[in-house]
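Enquirer: Here is a sequence together with a model predicted from it:
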Amino acid sequence: QVQLVESGGGLVQAGDSLRLSCAASGRTFSSNAMGWFRQAPGKEQEFVAAISWNSESTYYANFVKGRFTISRDNAQNSVYLQMSSLKPEDTAVYYCVADSRRFIHEVVPHRYQYDYWGQGTQVTVSS
């Protein structure tokens, strides 16, 4: 059974930092793009960031550029999201995702491209 398990969420104050982690199990994703989406209360899911299988390509939503950094460790079958300068509007459930296609260099922000989804981790930023 393939699983993506997120961790690292929590309650922080505006301006703080958090590091989200996503550990994959059941198969290796070292050849697959991975990324993060989020969903705030009452809003649709939105793309946050994605990284290619070899870390050569990254893609960020405009609202996180310069504040969030995505990275991965293929040996650990994991992807990370370092979040800094957090704002109350970053409050959401953050989901780890993975693409089933292999060796794709161009990462995309489209929800339909990602076949595997984690259960999510809550991030709450207080003002």
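Expert: Happy to help now that I have it.

Enquirer: what does the average pLDDT come to for the lengthiest strand in the chain?
Expert: Scanning the chain for the longest strand, with DSSP state E as the assignment, gives strand 92-102. What strand 92-102 shows for mean pLDDT is 96.

Enquirer: So what are the sheet partners of it and their directions?
Expert: Under the criterion DSSP bridges, strand 92-102 sits next to strand 32-39 (antiparallel), strand 116-117 (antiparallel), strand 121-126 (antiparallel) in its sheet.

Enquirer: a markdown table please, covering these and showing mean pLDDT.
Expert: Below are the strands paired with strand 92-102 laid out as a markdown table (pLDDT from 0 to 100):
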| stretch | mean pLDDT |
| --- | --- |
| strand 32-39 | 98 |
| strand 116-117 | 97 |
| strand 121-126 | 98 |
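
Enquirer: For Lys87, find the nearest of those.
Expert: strand 121-126 (6.1 Å; C-beta to C-beta). From N, CA and C alone the C-beta is placed, and that goes for glycine too.

Enquirer: What is the distance between the closest one and the centre of its chain?
Expert: Mean-position distance between strand 121-126 and its chain equals 14 Å (C-alpha atoms, centre = their mean, to the nearest Å).

Enquirer: Report pLDDT for the closest residue in space to Gly35 that isn't next to it in sequence.
Expert: Distances taken as C-beta to C-beta, 6 or more residues apart in numbering place Ala50 nearest to Gly35, at 3.2 Å, with adjacent residues excluded. Looking at Ala50, its pLDDT reads 97.

Enquirer: Give the full set of residues in contact with Ala50.
Expert: Ala50 is in contact with Ala33, Met34, Gly35, Trp36, Thr58, Tyr59, Ile70, Val97, Val107, Val108, Pro109, counting by C-beta atoms under 8 Å, 6 or more residues apart in numbering.

Enquirer: Quick check: closest non-adjacent residue to the first one.
Expert: In space, and not counting its chain neighbours, Ala33 is closest to Asp99: 4.2 Å by C-beta to C-beta, 6+ apart.
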